[in-house]
Every structure is written in C-alpha cells, then in structure tokens.
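1. Could you work out the structure for the sequence below:
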Amino acid sequence: MKSDEIKKGVHRTPHRALLYGTGMSNKQIDKRFIGIASSFSDLVPGHAGMREIERQIEKGIHSGGGQSFIFGVPAICDGIAMGHSGMKYSLPSRDLIADCVESVAAAHQLDGLVLLTNCDKITPGMLMAALRLDIPCVVVTVGPMLEGKCRHQSLTMVRGTFEAIAKYTSGQIDKKIFEEMEMNSCPGAGACQGLYTANTMACLSEVMGMSLPGCASSSAVSAKTKRIAFDSGLIINELVERDIRPSQIITRDSVRNAIIVDLALGGSTNSILHLLAISNEAGIDISLDDFEELSFKIPQIIKLDPSSTMTMTDLENAGGIPAVLKTMFGKVPEMTDTVGVSGLKISEIIKDVWCDNEVIRPLDNPITSNPGLAVLYGNLAKDGAVVKISGVDKDCLEFKGRARVFNSEEDSMIAINTDKIVPGDVVVIRYEGPKGGPGMREMLAPTSSIVGKGLGKEVALITDGRFSGGTRGLCIGHIAPEAANGGLIGLVEEGDEIYINIEKRELTLLVSEEEIERRRQNFKPIEPKASKGYLKKYSQTVSPANKGAVNNGR
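-> Okay, the predicted model is just below:
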C-alpha cells in the first residue's frame, strides 16, 4: 500500500507515534488509509448538510476494511459571491482546491480518496486533483436542494431572487411577495435546483464514471444520497485493492461522452472550462474543436431551469443520468462504452433503467435539433466563445445590434438598472476574463436584470467573462482572446455594430479591417485590477479561457 511509506519499518516509529496521537490504535495502522476530502462549510448551502454524508462515507470505508481520515477543502458559494468583487475568487478557487487535495493526500501518502463535493468549482477542482495524484478515487456529489414554494409558485434560486429583483423594482410584484420569494427560494441544503454549474458537473462526473450511478440527481436531503455515500465508502476499498486509478476512468472516450451528454442536457457554459481543465490534468487531447464538432451532431433532449420550469427533481424522477444514457447510448455513434468506478460499463448501467420520455425526450423527437451549448467564432472571438443555446429564445438566434461598452460588471449594472440599455443594444462587458478580471467573474446579475426587465429577447450581452449556469437570454461568454490579452473585444467602441448568428456559429464586429488596425495602433489596455495576493498571482499565470483558464503558467 502507498501508506506503507509512512507506517512500515523501524524508521517510521515517529510517524506511527503521531498517528497514534490522533486516537488510532495499532489494530487500525495496517488498514488502507482512505482520505475523505470534505468541502463541508456552514457558509455554502450546497455543503451545509455534508456532516451526515461524511458519516455515511466513514461507515462504508470501515465496513470495507479501510481506515478513514477526514480533511477539509475550501468551498465558495457562487451565488453569495455573485455580483461583487468576491466573484473574482470563484474560478481561481478551483485550482486552489486541486492544490489543497493534492498537497494533503501526497504529503500523507494516502492509499485512496473519497471526494465529497457539490458546488460549482469544487467538483472540477477535486477531479483535477484526482488526476494529478492518480490514486484510486470516488466522487460523491451531495446533490440538489428541493424547490422552493411561494403561494403555489415553484421557485428556484434564480427565479426567486435575481429575476425577482427586477420584477420588484419594476413594480410587477409587491414588497410582501418579494420578501416571501426571498425567504423561500432556497428551502434547505443542496446545490441550487436547476441545471446550473454545480449540477451540470455532478452529471458529467457521473457520465465519466467517477461517481456511482444515480449520484448526480439524487436530492441532498434524501436517504438515497446517504446510501450512495455509504456505497462509495465501500467501493473505494475495492478500487485500492485492484489499483483502479482516475487515469483509467477519465479517458478521451469518457470525456467525449461527457461532452455529448452536456450538449444534450444544455448544461452550464462553465462545464466547457472545466472539462478542458480536467483534460489538461489528464494529458488528454480535448479542445474547443471537440465541442464544436459534436455540437452539430447532438440535439437537446431535456430542458431544465433556468431554460424551463423543470428542475433537477424532475430529472431524478425521470430516471436521472442512467436514463439519459439509456436514451443516447447505441443511438449516438460517437458514444463509447466506458467503465466507471462502479465496475460497470454504460451498457450494463442502462439495463432495466426506466426513463420518462416526457421529460427526457427520445433522440428522434428532441426539444430542438440544436445542442444545448455551442462554440462561436469570428473576428470578435478568434479563439472561440461559448453560448448556452438552450437559454436563447429561437427568435434571437440571429441578432444585430449596437455596442454598449463597459470595462467592468459594476459599470454595466449601473446602466441596466437605470434603464440606459434599450432594445437593439449589445452589452459588451470586457476586462472580466481570466487574466483581466482577474478570475473571470460570472455575469448572472446583468443577465438576470436584463431578463427581469423584459429585455431578454431584445438585448444581447457578450463578455470575456463567463456566465452562471443560471443564466438565460442571448448571452455569449468566454470570448478569447480576452481584452487583457489584446483581444478585439478590447477595441470595440460605443455604437459599433455587432452581428451574432448562433446557427452559423458566428460572432462578428462589423468594422473594417483598416479601422480595426487604426484602433489597435492606439490601443492602451487598462491597468491590472489585482495588485496583491492570490488574485495577482493567478492573473500572472492563468491560461486563456479556450485552454480551460488553468492556473499553470501556460
């Protein structure tokens, strides 16, 4: 066992003494050392219920003959960090989490890990660490929270808060209803209810095989999640015994399967960043070209909040990810019969799985022939940009409008909230990319305000930042190169015409090459926004969005 390095032989007497100091007995010292990387936090609703899940994982590990050790991992709630300077830390925390898990597991020579996670950047960060360490690992995503209720209206975090703000300030609802919606939108522990980033990454972790079947959509407060946690603790012992490592599970084939399901679900645009970063850690050749290629082949077969009123509860009741796989496997030639930590291939997982085809549509009767996500190119996005097609009204797939230019999210919010943005505008928010932000903030507040004001079909928003999985409307992010790296978005001027054609995958600034060159000669980027601390270090080493915004100096 790997842990023999710290517990075998006379020269490891000091190490054993320290382990005994934790309360271990000499009967436990020879067992497999299994870490539980727990992202429990009272600050994050998606993680607030993890203490119970930790216990279930412990029980499973001990029942399977292992010795468990819980250690903590940072967790940021994107919803609480949203709309202010705190969001700058969200994406960078993904790489920080990977560093933390790697450091603890490697320093203590753990034999295996159960990665207890749920929210947006924690899941991909843990997957990145699993690949760096390449020791046996199982991911347990705790699951979504239940929907909120207000006067018989079903609420999610986005509909009940961000969009409610615009409705209240525009007089569509009164203060009493507004306060009730605020109080009831998030009724308990779990990831926010829609197919936002947290739940998207849980689904993709299950597709790739790093979680047990059924894990992704199981409610955070359900007995089913507790059983999955126990079973994950049991199975990690078997994975250690057989030396089944993440590099054998996360392969080019399994990542491609995840991309296919992501497109079919219409997941968060952040998933593209994370799958690129995970592939980078695995040394797998995956790029935006894979998303682009597959996007022309995969229709959308389910539509969840924020693009519809259905939530993760509906996906769970329809059969969850196993039912999605059953709907697609064998019918999409690009899908491969990969194997996961359960020891089962996809073809085995989907046997006898029930699927509600009213929720998860068959491939021959999809919601739309378009995929849920797409990559756009053009002079404004030479290296690519990303759009969540599932959140765009079909009447807005082609759009031409006037540029309204802002160098920060805060400046755009002032204009939106004071009704300076009107139909036909294209809101351009720049210097919010991985380097320029730094940290590539999510623009949920501007997009929600635009939708809440009834402008969702009449105003577009483009940015070198990114969007929450809760975003809907004509919103294009991840524009690369970003403004801070000399991208054309930095040269856009007020009133310029911008053309968007999603079906043709085009994003173009309608300005002559001569004028662009003139502007480039006079271009002066704004001063760096971070002058100290972690964000300064991050901005100096982060890769572009089209490379996954990985903090590796490349």
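2. Contact partners for the residue nearest to F230 when sequence neighbours are not counted?
-> Excluding the flanking residues, the one nearest F230 by Cβ to Cβ, 6 or more residues apart in numbering is G60, at 4.2 Å. Using the backbone N, CA and C atoms, a C-beta is placed for each residue, glycine as well. Contacts here follow Cβ atoms under 8 Å, 6 or more residues apart in numbering; on that basis G60 touches 229-236.
3. and the biggest helix by length in the chain, which residues are buried?
-> Assignment by DSSP state H gives helix 223-242 as the longest helix of the chain. By 16 or more other Cβ atoms under 10 Å, the buried positions in helix 223-242 come out as 225-226, 228-241.
4. circling back to that earlier point, closest one to L204 out of the contacts of G60, please.
-> Among the contacts of G60, S232 lies closest to L204 (Cβ to Cβ), at 17.2 Å.
5. three-state assignment of the closest residue to R441 other than its chain neighbours?
-> Closest residue to R441 apart from its sequence neighbours, by Cβ to Cβ, 6+ apart: M87 at 4.2 Å. Following DSSP: H, G, I helix; E, B strand; the rest coil, we place M87 in the helix state.
6. in terms of contact, does M87 touch D78 like I think?
-> Yes: between M87 and D78 there is a contact under Cβ atoms under 8 Å: 7.2 Å.
7. who's in contact with the nearest residue to D419 once chain neighbours are set aside?
-> Distances taken as Cβ to Cβ, 6+ apart place K453 nearest to D419, at 7.8 Å, with adjacent residues excluded. By Cβ under 8 Å, 6+ apart, K453 lies in contact with 166, 170, 416, 419.
8. what about the one helix or strand N199 maps to, distance to the chain center?
-> Assigned by DSSP states H and E, N199 belongs to helix 197-208. Computed by Cα atoms, centre = their mean, to the nearest Å, the chain-centroid distance of helix 197-208 equals 8 Å.
9. Stretch 302-318 now?
-> Stretch 302-318 has its C-alpha centroid displaced from the chain centroid by 17 Å (Cα atoms, centre = their mean).
10. if we can go back for a sec, and of the buried residues of helix 223-242, the nearest to T156?
-> Distances from T156 to the buried residues of helix 223-242, taken by Cβ to Cβ, are shortest for T225, at 19.4 Å.
11. And the closest residue to the closest one other than its chain neighbours, how far from A282?
-> Take T225 and drop its neighbours on the chain: the residue closest to it by Cβ to Cβ, 6+ apart is S218, 4.7 Å away. Applying Cβ to Cβ, to the nearest Å, the value for S218 to A282 is 26 Å.
12. and what of F230?
-> 28 Å.
13. What's the mean pLDDT across the longest helix of the chain?
-> The average of the pLDDT scores along helix 223-242 is 98.
14. now do stretch 326-338
-> The average pLDDT within stretch 326-338 is 97.
15. Enumerate every residue touching the most centrally placed residue in the chain.
-> Centroid check for the chain by Cα atoms, centre = their mean gives T197 as the closest residue, at 3.4 Å. Going by Cβ under 8 Å, 6+ apart, T197 touches 78, 119-121, 268, 270-271, 274, 468-469.
16. How about D42?
-> Here D42 is in contact with A48 (Cβ under 8 Å, 6+ apart).
17. Need the three-state assignment for it.
-> D42 - assigned by three-state DSSP - is coil.
18. What's the separation between it and G209?
-> 32 Å.
19. And stretch 287-302, what's buried?
-> Those would be 288, 290-291, 294-295, 298-302, for stretch 287-302 by 16+ other Cβ under 10 Å.
20. Out of those, list just those in helices.
-> Among the buried residues of stretch 287-302, the ones falling in helices (DSSP H) are 288, 290-291, 294-295.
21. Between the buried residues of helix 223-242, which sits nearest Q109?
-> V240 (12.6 Å).
22. any idea how far A229 is from the residue lying closest to the closest one once chain neighbours are set aside?
-> Closest residue in space to V240, ignoring its immediate chain neighbours: G112 at 4.3 Å, by Cβ to Cβ, 6+ apart. Counting by Cβ to Cβ, the gap from G112 to A229 is 15 Å.
23. same check, this time on G72
-> Between G72 and A229 the distance is 17 Å, computed by Cβ to Cβ.
24. Kindly report the same for I349.
-> Taking Cβ to Cβ, one finds I349 at 19 Å from A229.
25. one step back: find the residues that touch each one of M87 and D78.
-> E442.
26. Around I29, how many other residues sit close by?
-> 16 (other Cβ atoms under 10 Å).
27. just checking, it touches H15?
-> No: counting by Cβ under 8 Å, H15 is not a contact partner of I29; they are 10.0 Å apart.
28. Now do the shared contacts for those two.
-> K7.
29. And the contacts of G60, which is closest to T336?
-> Closest approach to T336 among the contacts of G60 (Cβ to Cβ): I235, at 22.3 Å.
30. Tell me where the protein has strands.
-> Ranges of strands within the chain are 32-38, 66-72, 112-117, 137-141, 148-150, 153-155, 374-378, 381-387, 398-406, 425-429, 460-463, 475-480, 497-501, 506-509, based on DSSP state E.
31. Kindly export the first one (C-alpha atoms) in CSV.
-> So that's strand 32-38. Extracted in CSV, the C-alpha atoms of strand 32-38 (Å, rounded to 0.1, in the frame of the first residue of the first chain):
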residue,chain,number,x,y,z
ARG,A,32,-5.9,1.0,3.9
PHE,A,33,-5.6,4.7,4.6
ILE,A,34,-8.5,6.4,2.8
GLY,A,35,-8.9,10.2,2.9
ILE,A,36,-12.3,11.9,2.8
ALA,A,37,-11.7,15.3,1.2
SER,A,38,-14.7,17.1,2.6
